[in-house]
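>>> Give me the fold of what follows.
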Amino acid sequence: MVNNNNSNLTNKKDVDENSSSGIQAISSKEEEMNFKELYEQSLNQIQYGDIATGKIVQIKDDRVMVDVGWKTEGFIPINEVKDATGNINISVGDEIDVFVDRRDSEGSLVLSSDKASKVRIWDEIKNACENDTLVEGVVVEKVKGGLSVDIGIIAFLPGSQVDVRPVKDLDRYVGQTLDFKVIKYDRKRNNVVLSRRSIAASEREAEKKDILKSIQEGNVVEGIIKNITDYGVFIDLGGIDGLLHVTDISWGRILKPSEIFQKGDKITTKVLSFDAEKERVSLGLKQLSDNPWENIAARYPIGAIVEGKVVNLTDYGVFVELETGVEGLVHISEMYWTREIKHPSKVLNIGESMQVMVLDVNSQTKRISLSLKQTTPNPWEKLKEKYPPGTVVKGVVRNITNFGIFVGIEEKIDGLIHVSDISWKHRVNHPSEFFKKGQEVEAVVLNIDVENEKFSLGIKQIEKNPWDELSAKYAPGSVVTGRITNFTDFGIFMEIEEGIEGLVHISEISQKRVKTSSELYAVGDTVSAIVKSIDAKSKKIRLSIKELEAPAPTPTPSSNQYLNNKENIGSSLSMALADVKITPQQEGE
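As a prediction, the model looks like this:
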């Protein structure tokens, strides 16, 4: 039994030893595991300023509780997870990136999703700048010198970096989501500078290749108005610009393209010509509609009265739009029968409707001549019926010119009394010597020219022509007495009756040789002369004084006979010249 007991004791001892060894082994394993966990936990220890991914475990009124691992919880202020409308778009169990910020006064760990986003954004900005990659952003607003862009933080896009070419209208980019390159950043100053030049250049080049393949003469293309000038509109077709010339905008008149177009507007045009080498595209807008000048003569026959709208006023007339693209001109001479106007703008306004008569149509030159006055009866035709030639009329002097006076006979119709029709007898240098404005005069109707709208009157025709009686009254060879009224280089003018003058040529003044008339006479002297001739039509009387003088004594022969003969020849020549008809030029008229 002892043995047995000893054996049992031995066995128990062995068991105890074995049990002790097992416990020691378990303890060692646990220690090893605890050390590993502590080591791993030390490696994953959260530090302030780190970004961690946590799981939302609870959403409270003022905060969101987040488990960031290893039984560590922190909270995010509720405002950071609300959107612009105040809604919370996260749920318990969602993962969220947070920035380990600090511990508050109660020892709670404060986290921030906003700061986490900004840290990641700055990392992306740094990576994009260093590796020349792109970032996406939304253009927020136009600011001084460029645009403000939201790429997670607010960055600046200089105006010079928006496109390859200068952009005047930056407002059209506001609200657009675009790709950008980061060319400069400063995290401390929270400053980021972006660029789109190279991106725009690449996009434009790709678009240009596509558009160059598709552009063909006659194609209808769509583009955006890029620039507007007085001579046309430049249109961006997508990498290549086309010119819409002002003459190809409309079939009608276009004064300024800026009056009907705006930058940034979309526009559809037709390709008129395309030079692939020079990359020049000519566009047309009017070519998208039918040419209104085709069959124009059939729509507007000569003599037809049509309605139009005043679209332009010039000093020479009025342009009237008859239909879209079709205009006609009412010349100022075709506006009114009798009314005189200095400028059409004094009586008409742009946009005013009016009826006009078609005078002429030329489809090749695209011109239509119109008349306003011919839509009403011609008062000149009535005037001719009312005042036949020879009718004596009365009127008031309305205007005086150097060539005559205008006398008002009808309302807005004046008759002209030419200076030559004022007097039979008096030489009229200027009508103002005899008439004044407002003076009433009596005249005879000489002629009414309806076509040229001329009304001719005469005052002297009221009396008989005294020159018709002078031929009988003063026959050649008769002696007349008169007063000297004027001296000229070629002779003397004598008044033999009131208003009737005759000319004594210098060769007819004296039998003596006379250099100037004033040697013998003065203005006002009364002298007698012989009538040599009278021309009633040209109102000319030729007189001679020397023929009343005693004949010169006949010279006796002498040793100077040769010289005396020469004097006789000269005297005979002078007498012969005296009989030559005096020309108007000689008389000074």
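>>> Can you give the contact residues for stretch 435-445?
Residues outside stretch 435-445 that contact it (Cβ atoms under 8 Å, 6 or more residues apart in numbering): 387-400, 405, 407, 415, 417, 455-459, 461-462. The way it works is simple: take the backbone N, C-alpha and C, and place the C-beta from them, glycine included.
>>> Quote the end-to-end distance of stretch 384-394.
Criterion Cα to Cα, to the nearest Å; first-to-last residue distance in stretch 384-394 is 16 Å.
>>> ok, now stretch 314-330?
By Cα to Cα, one end of stretch 314-330 lies 10 Å from the other end.
>>> So for that stretch, what gets flagged as buried?
The neighbour-count check on stretch 314-330 (16 or more other Cβ atoms under 10 Å) flags Gly317, Val318, Phe319, Val320, Glu321, Leu322, Gly325, Val326, Glu327, Gly328, Leu329, Val330 as buried.
>>> Surely the second one touches Gly328?
No: using Cβ atoms under 8 Å, Val318 and Gly328 do not qualify as a contacting pair, with a distance of 9.3 Å.
>>> the helices in the stretch 401-550 of the chain, which residues?
467-473 (DSSP state H, counting those that start in this stretch).
>>> try the chain
2-43, 113-131, 197-214, 296-299, 379-386, 467-473, 561-578, 584-587 (DSSP state H).
>>> Which strands or helices does the fifth one pack on?
Under the contact definition 3 or more Cβ pairs under 8 Å, 6 or more residues apart in numbering; DSSP states H and E, helix 379-386 sits against strand 413-418, strand 440-449.
>>> and these, which is most packed in?
Neighbour counts (mean count of other Cβ atoms under 10 Å) averaged over each of those peak at strand 413-418, with a mean of 20.
>>> List the neighbouring strands of that one plus their orientation.
strand 404-410 (antiparallel), strand 454-458 (parallel) (DSSP bridges).
>>> any idea how far Val393 is from Val361?
41 Å (Cβ to Cβ, to the nearest Å).
>>> Just want to know which of these two has more residues nearby.
Val361 (21 against 17; other Cβ atoms under 10 Å).
>>> Excluding residues flanking it in the chain, which one is nearest that one?
In this structure, Val361 finds its nearest non-sequential neighbour in Ala297, 4.8 Å apart by Cβ to Cβ, 6 or more residues apart in numbering.
>>> Can you report phi and psi for the nearest residue to Ala52 once chain neighbours are set aside?
Leaving aside its chain neighbours, Ala52 sits nearest to Val68 (4.6 Å; criterion: Cβ to Cβ, 6+ apart). Here is the backbone geometry of Val68 (degrees, to the nearest 10): phi -100, psi 10.
>>> Show the contacting residues for Val68.
Contacts of Val68 (Cβ under 8 Å, 6+ apart): Ile46, Ala52, Thr53, Gly54, Gly74, Val98, Val100, Leu109, Leu111.
>>> in the sheet, who's paired with the residue nearest to the fifth one when sequence neighbours are not counted?
Spelled out, it's Gly74. Nearest residue to Gly74 in three dimensions, chain neighbours excluded: Leu109, at 3.3 Å (Cβ to Cβ, 6+ apart). On the basis of DSSP bridges, Leu109 is bridged to Gly74, Arg103.
>>> Might one say that Leu109 is in contact with Thr72?
Yes: between Leu109 and Thr72 a contact is recorded at 6.8 Å, counting by Cβ under 8 Å.
>>> Could I get the pLDDT score of Thr583?
pLDDT for Thr583: 40.
>>> which residues does Asn227 contact?
Shown in contact with Asn227 (Cβ under 8 Å, 6+ apart): Val233, Phe234, Lys263.
>>> let's see it at 10 Å
Contacts for Asn227 (Cβ atoms under 10 Å, 6 or more residues apart in numbering) come out as Arg165, Lys168, Asp169, Val233, Phe234, Ile235, Asp236, Asp241, Leu243, Lys263.
>>> Show me the shaky parts of the stretch 451-589 of the chain.
550-589 (pLDDT under 70).
>>> Low-confidence regions, this structure specifically.
1-46, 49, 70-71, 550-589.
>>> Show me the domain layout of it.
51-117, 132-200, 215-288, 296-375, 379-462, 467-587 (automatic domain parsing).
>>> about what we covered before: buried only: go through the contacts of Asn227 for me.
Val233, Phe234, Ile235, Asp236, Asp241, Leu243, Lys263.
>>> Out of these, which sit inside strands?
The members of those that map onto strands under DSSP state E are Val233, Phe234, Ile235, Asp236, Asp241, Leu243.
>>> Next one: Val318 from Lys394, what distance?
36 Å.
>>> most centrally placed residue in the chain?
Closest residue to the average C-alpha location of the chain: Lys256 at 4.5 Å, with Cα atoms, centre = their mean.
>>> Pro158 and Phe180 touch, don't they?
No: in terms of Cβ atoms under 10 Å, Pro158 does not count as a neighbour of Phe180; the distance is 11.5 Å.
>>> okay, and the common contacts of those two?
Contacts common to Pro158 and Phe180, judged by Cβ under 10 Å, 6+ apart, are Val193, Leu194, Ser195, Arg196.
>>> Out of the residues you listed, grab the one that's most surrounded.
Leu194 (26 neighbours).
>>> contacting residues around the closest residue to that one other than its chain neighbours?
Excluding the flanking residues, the one nearest Leu194 by Cβ to Cβ, 6+ apart is Phe180, at 4.1 Å. For Phe180, the contact set (Cβ under 10 Å, 6+ apart) comprises 128, 134-137, 139, 149, 151, 155, 157, 161, 192-196, 199.
>>> Quick check: bridge partners of Val361?
Beta-bridge partners of Val361, as defined by DSSP bridges: Ile368.
>>> measure Val271 to Ile153 for me?
Val271 is 45 Å from Ile153, by Cβ to Cβ.
>>> Those two: who's more crowded?
More neighbours surround Val271 than the other of Val271 and Ile153, with 20 against 17 (other Cβ under 10 Å).
>>> The more buried one against Leu212, yeah?
No: assessed by Cβ under 10 Å, Val271 is found out of contact with Leu212, at 11.9 Å.
>>> Next, count neighbours for Ile199.
Count around Ile199 with other Cβ under 10 Å applied: 17.
>>> excluding its backbone neighbours, what's nearest it?
Asp179 (5.8 Å).
>>> count of neighbours near the one you found?
13.
>>> Lys454 now?
Neighbour number of Lys454 under other Cβ under 10 Å is 12.
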